[in-house]
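Peer 1: Below: sequence and its predicted model.
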Amino acid sequence: MEITTDQVIADATSGAVTVLDSATLILDGRHDGSIEVMGGGNLVVRGELRGPLTVNSLAHVNIHGDVVGPVDVLVAATVVIEKEGRLSGPITNYGSITNFGLRAGHVDGREPDDKDGSVNADAGRGGSTTPYHLPPR
């Protein structure tokens, strides 16, 4: 599915999603599958993403909810884990990640900027669809 205009997903969805330039996707529900944010695109996760997240150059992601899965942040891309946000999975970071919330998982590339009060935890491995999981809220 391609997101070309501002859109909110409030229900459960699955599959591959691409957020194109100048569009904003707000994920209020749960998405099982990949999301790729192209340059100039925006993603706001207030619900739950279970699957790979790719943030291309000049794209922006704000995490208020949960992201469980591998995250690739390219050069000049920005990810902000808000105070209530949680990210669990391996990170490849060549852009900017600022953590005010919780992150767990191995990092390749640049270390995220963990702010005061944030948590950098070991990722749990369990019986979920990905080797990473978060405890219930």
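Peer 2: Good, I have the coordinates.

Peer 1: Return the set of buried residues in the least confident helix or strand in the chain by mean pLDDT.
Peer 2: The helix or strand of the chain with the poorest confidence is strand 119-121; it has a mean of 87 (mean pLDDT, DSSP states H and E). Along strand 119-121, no position meets the burial threshold by neighbour count (16 or more other CB atoms under 10 Å). C-beta coordinates here come from the backbone N, C-alpha and C atoms, glycine included.

Peer 1: Run through who's touching it.
Peer 2: 99, 101-104, 112, 114 (CB atoms under 8 Å, 6 or more residues apart in numbering).

Peer 1: Each with direction, which strands does it pair with?
Peer 2: Based on DSSP bridges, the strands next to strand 119-121 in the sheet, each with its direction, are strand 102-104 (parallel).

Peer 1: For the partner strand, give the mean pLDDT please.
Peer 2: On average, the pLDDT along strand 102-104 is 94.
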